[in-house]
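Q: What shape does this take:
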Amino acid sequence: MIETIYIEKKIKNHPRADFILSKFKKARLIEIDRYSEIFNKRNQNFKIQKSRPDLILAHKESGLVLPTPDGFGIGNSKNFYFSHMYNCIYDCRYCFLQGMYSSANYVIFVNFEDFDNALEKVIRENEGSKMTFFSGYDCDSLALENVTGFAKHILGLFRKYPKIDLEFRTKSLQKEPFISVKNMDNIIIAYSLMPDIISSALDNKTPTIAKRIDNMTNLASKGWKIGLRFDPLIHGKDWKELYQELLETVFKSIPLSAIHSVSLGSLRFPKQMFKDILKLYPEEKLFSGPLFNNSGVVSYDQEIEAEMTSFCTKLINKHIDKSRIFKCSI
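A: Got it, this is the predicted structure:
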């Protein structure tokens, strides 16, 4: 339950801010000038805040649409991402956000129309290119859809551009707005997945893997394209058996025709980010090994990474063509 909401004075009368505030009628409301004065304060403790985060409503001024880092994509030549929200309601132990931000508070940007304008500008500037936009890089793109309504809004824009792909990445069970509108071939609803026993240990506060698979199956039956994201791959006891069971379950549950793409990526962190996360959770077994500093990136040994990627790719390739399988290396 959100107890305190900070709201920028600039958007205190914005209709979308009013809509979000109506969801939290008992919350204390505090006006601020800029979200950064709360979100970027020094000496905050991400771990402590995560147990009871506040909500910040803000107006995003710049950086609304950005190129993805190299190695992030699912086949198209141009890739961009945008974030209507910072931070996530889930608490996955491997999440890079806990090393990126000092604050665990949620920031929701309400100026959706400015996102529209920025997206259309990028589309115009790259006319003729095959493009994918990713929603959910700095947050789970659907977990708070019932609060923000962002997915419903942005679907309207991408319906105008049927040759431009949009991916929503999520671990949530959110079905709206997808069950209330006609399916679109350029929309990918992508789910992060790992073996259930590993997810139970690391994916804190998230829906179970079984429930995610049920949700994917339901949306696939409505005609929506599904993305499978095995990222990060987690090494451990019996990992081969666990991933084989997971993959067999997934491909038995979801029609192959509904699967847009599959991507894989091993556990990895920039060196400084890893140090910051380790300070928060020094007893976490996940960080005890076998991890190495590989040219400034903390990850598994290259042999372990290659073995895991190769093993899973071969299993996936039994069901779908390799042209739909991608390695995420960032």
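Q: Please make it C-alpha for all contacts and neighbour counts, starting now.
A: OK.
Q: The stretch 51-200 of the chain: helices as residue ranges?
A: 97-100, 112-125, 145-148, 150-158, 196-202 (DSSP state H, counting those that start in this stretch).
Q: Which of these comes out lowest on mean pLDDT?
A: Mean pLDDT across the helices of the stretch 51-200 of the chain is lowest at helix 97-100; the value there is a mean of 90.
Q: Could you list the buried residues of that helix?
A: 97-99 (16 or more other C-alpha atoms under 10 Å).
Q: With stretch 108-118 instead?
A: Buried residues in stretch 108-118, counted by 16+ other C-alpha under 10 Å: 108-112, 115-116, 118.
Q: Please apply the same query to stretch 73-92.
A: Using 16+ other C-alpha under 10 Å as the test for burial, stretch 73-92 gives 73-74, 79-92.
Q: re the thing from before, could you single out the nearest of the buried residues of helix 97-100 to residue 227?
A: The closest of the buried residues of helix 97-100 to residue 227 turns out to be residue 97 (C-alpha to C-alpha; 21.8 Å).
Q: give the contact list for the closest residue to that closest one other than its chain neighbours.
A: Closest residue in space to residue 97, ignoring its immediate chain neighbours: residue 87 at 6.6 Å, by C-alpha to C-alpha, 6 or more residues apart in numbering. By C-alpha atoms under 8 Å, 6 or more residues apart in numbering, residue 87 lies in contact with 97, 104-107, 138-140.
Q: What segments of the stretch 51-200 of the chain are strands?
A: 55-58, 66-67, 78-82, 85-86, 91-92, 106-109, 131-135, 165-170, 187-192 (DSSP state E, counting those that start in this stretch).
Q: export the ones you listed to CSV and tack on distance to residue 42?
A: Formatted as CSV, these follow (distance: least, C-alpha to C-alpha, whole Å):
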stretch, distance to residue 42
strand 55-58, 17
strand 66-67, 26
strand 78-82, 25
strand 85-86, 17
strand 91-92, 21
strand 106-109, 16
strand 131-135, 28
strand 165-170, 30
strand 187-192, 32
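Q: Quick check: which of these is nearest to residue 272?
A: Distance to residue 272, taken as C-alpha to C-alpha, is lowest for strand 91-92 among those, at 18.6 Å.
Q: so how far is that closest one from its chain's centroid?
A: 12 Å (C-alpha atoms, centre = their mean, to the nearest Å).
Q: Please name every helix or strand in contact with that strand.
A: Packing partners of strand 91-92 (3 or more C-alpha pairs under 8 Å, 6 or more residues apart in numbering; DSSP states H and E): strand 203-204.
Q: quick one: strands adjacent to the strand it packs on?
A: strand 91-92 (antiparallel) (DSSP bridges).
Q: Can you classify residue 319 by secondary structure?
A: Under the three-state scheme (DSSP: H, G, I helix; E, B strand; the rest coil), residue 319 adopts coil.
Q: about what we covered before: quick check: which of the helices of the stretch 51-200 of the chain has the most neighbours on average?
A: Mean neighbour count (mean count of other C-alpha atoms under 10 Å) peaks for helix 97-100 among the helices of the stretch 51-200 of the chain, with a mean of 21.
Q: re the thing from before, and residue 276, which of the strands of the stretch 51-200 of the chain is closest to it?
A: strand 91-92 (15.2 Å).
Q: Now tell me what touches the closest one from outside.
A: 50, 202-206.
Q: how about 10 Å then?
A: 47, 50-51, 97-98, 104, 199-206 (C-alpha atoms under 10 Å, 6 or more residues apart in numbering).
Q: picking that back up, ok, of the buried residues of helix 97-100, which one's closest to residue 60?
A: The closest of those, once distances to residue 60 are taken by C-alpha to C-alpha, is residue 97, at 18.6 Å.
Q: re earlier: redo the strands of the stretch 51-200 of the chain as CSV? Include mean pLDDT and distance to residue 35.
A: Output for those, formatted as CSV (pLDDT from 0 to 100; distance: least, C-alpha to C-alpha, whole Å):
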stretch, mean pLDDT, distance to residue 35
strand 55-58, 98, 6
strand 66-67, 96, 20
strand 78-82, 97, 18
strand 85-86, 97, 11
strand 91-92, 96, 22
strand 106-109, 98, 8
strand 131-135, 97, 21
strand 165-170, 98, 25
strand 187-192, 98, 29
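Q: I'd like to know which of the ones you listed is closest to residue 271.
A: Nearest to residue 271, of all the strands of the stretch 51-200 of the chain, is strand 91-92, at 18.7 Å by C-alpha to C-alpha.
Q: quick one, what contacts residue 218?
A: Contacts of residue 218 by C-alpha under 10 Å, 6+ apart are 175, 179, 212, 224, 253-254.
Q: Apply the buried test to those and list what passes.
A: 212, 224, 254.
Q: From these, which land in strands?
A: Residues of these located in strands (DSSP state E): none.
Q: Could I get these in CSV, plus columns for pLDDT and distance to residue 232?
A: Formatted as CSV, these follow (pLDDT from 0 to 100; distance: C-alpha to C-alpha, whole Å):
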residue, pLDDT, distance to residue 232
212, 98, 16
224, 98, 24
254, 97, 21
